[in-house]
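Asker: model this:
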Amino acid sequence: MKKIICLLLCFVLLGCSSEKREDYYILSFDDYSVSVGYDNAEYTSLIFDYELPEVIPGFEEIKDVDVSFLGKNFGIASFINEENEEKESSEAIISSLSFYVKDIDAESIKINDIELDESIKKNCETFNGSLIEKNGYACVIEQEVNNKDDVIILYGDILNLVQDTVDRIEIRAK
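Answerer: Just a heads-up that it's a prediction; the model follows:
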C-alpha cells in the first residue's frame with residue numbers, strides 16, 4: 001500500500017512541475033503559431049527566417065535578432081539559453097518577439113485562440129489587461145508561468161488620428 005501511495009505521489013509531483021506550451025500565451029496568425037517563452041529556435045525557424053550564432057553560452061541572451069517571414073521583414077526577436085552550459089542555438093528559447101501588425105498581412109491574429117480586435121480598449125477588456133493612456137494607447141496583458149513573467153503589450157499607432165487601433169505587438173517571457 002505504501003508503494004502505491006509513493007508512486008502516485010511521484011506522478012503528481014512530476015506532473016505539476018512540467019511546463020506546457022499552453023501555459024504561455026500563444027500568438028497565432030493565419031496557419032502559424034508561436035509561444036514565446038516555450039518554443040525553441042528550431043521550432044521558430046520553421047516559421048521565421050533569422051541568423052543566430054552556432055552556440056549560445058550559458059545564461060546568455062541574443063537580443064534584437066532581425067526576423068523575416070515569407071521573405072518580408074517581420075520584426076525583432078530575442079533568444080535565450082536558460083541553462084548553465086553552452087548549447088546549440090537551435091535549443092535556445094525565444095524570449096521576446098516584437099512586430100508591427102501591418103507587416104504580417106494576416107487575415108486574423110489570435111492570442112490563445114481568441115481573435116484580436118482592432119481596438120486596444122476592447123482587447124484590454126477581453127484579456128483583463130491594464131490600459132495605459134499616455135501619448136496614445138497601450139494594453140499590458142500579463143501572467144506568471146514557471147517563475148517567468150509572460151507579458152503581451154499591444155501598442156496603438158501614435159501617428160494615427162485613431163490611436164485606439166492595434167499597431168504593434170510585443171511579447172516577452174522572462
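Asker: contacts, neighbours, all on C-alpha from now
Answerer: Noted.
Asker: report the central residue of this protein.
Answerer: To find the centre residue of the chain, average its C-alpha atoms and take the closest one (Cα atoms, centre = their mean): that gives V36, at 2.8 Å.
Asker: need the contact list for that one.
Answerer: Residues in contact with V36 (Cα atoms under 8 Å, 6 or more residues apart in numbering) are Y24, Y25, I26, I93, I94, S95, S96, L97, I171, R172, A173.
Asker: from I153, how far off is the last one?
Answerer: If I follow you right, that is A173. Between A173 and I153 the computed distance is 12 Å (Cα to Cα, to the nearest Å).
Asker: kindly report the same for the fourth one.
Answerer: In this structure, I93 and I153 are separated by 19 Å, where distance is defined by Cα to Cα.
Asker: how about the fifth one?
Answerer: Relative to I153, I94 is positioned 16 Å away (Cα to Cα).
Asker: so where does the closest residue in space to N135 that isn't next to it in sequence fall, helix or strand?
Answerer: Of all residues beyond its chain neighbours, the one nearest N135 is I158 (6.8 Å), with distances taken as Cα to Cα, 6 or more residues apart in numbering. When elements are defined using DSSP states H and E, I158 is found to belong to no helix and no strand.
Asker: isn't I158 right up against G136?
Answerer: Yes. Taking Cα atoms under 8 Å as the definition, I158 is a contact partner of G136 at 5.3 Å.
Asker: output the contacting helices and strands for the helix or strand hosting S68.
Answerer: S68 belongs to strand 61-69 when assigned by DSSP H and E. Counting contacts by 3 or more Cα pairs under 8 Å, 6 or more residues apart in numbering; DSSP states H and E, the secondary-structure elements packed against strand 61-69 are strand 72-80.
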